[in-house]
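Undergrad: Got a predicted structure here, sequence first:
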Amino acid sequence: MELFSVDWQAEVKRLIVETVTKIVTRALENGKFNKSFELEAMCDKNLALKFDLTERQVGDIRRLMDNLPGWTEYVYGTSTDIEGFRKFLKYRKTLDGKREIKKKIKMKRGA
């Protein structure tokens, strides 16, 4: 007896293929694959461990990156490119970064 219906299995398979295709296509366009053809991206949990942050902080940063022009290329759904994340952490401390983030937050609040 199958635990999940055939239709449900087919839908999950379709979603996985669609998501992986989007990630690979975007990574190829941006040159984000290393020599062994592995995507150099991590989920929030692994980034949190690597950068000594909480998962919530990483998630907030990832969502902010996804909303700022120029940083969306580093975000792949719920995963983030490691090098892009590192660059963003440095950028957000600069004066330009602080201004851009402040401007985006104001626009989001409708002020």
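TA: All right, it came through fine.
Undergrad: Look up how far residue 63 lies from the residue lying closest to residue 101 once chain neighbours are set aside.
TA: With Cβ to Cβ, 6 or more residues apart in numbering as the criterion, residue 101 has its nearest non-adjacent residue at 6.2 Å, and that residue is residue 92. C-beta here means a position set from N, CA and C on the backbone, and glycine is covered the same way. Going from residue 92 to residue 63 by Cβ to Cβ, to the nearest Å gives 13 Å.
Undergrad: now do residue 85
TA: Counting by Cβ to Cβ, the separation of residue 85 from residue 63 is 12 Å.
Undergrad: give me the element residue 80 is part of.
TA: strand 79-81 (DSSP states H and E).
Undergrad: List the buried residues of the following helix or strand past that strand.
TA: Next helix or strand after strand 79-81 toward the C-terminus (DSSP H and E): helix 82-91. Of all the residues in helix 82-91, those buried under the rule 16 or more other Cβ atoms under 10 Å are 82, 84-85, 88, 91.
Undergrad: Quick one: low-confidence residue ranges for this structure.
TA: 1-2, 30-39, 111 (pLDDT under 70).
Undergrad: need the helices for it, in chain order.
TA: For the chain, applying DSSP state H gives helices covering 6-30, 44-51, 55-67, 82-91, 95-109.
Undergrad: picking up where we left off before, so what secondary structure elements neighbour the strand holding residue 80?
TA: Counting contacts by 3 or more Cβ pairs under 8 Å, 6 or more residues apart in numbering; DSSP states H and E, strand 79-81 packs against strand 41-43, helix 55-67.
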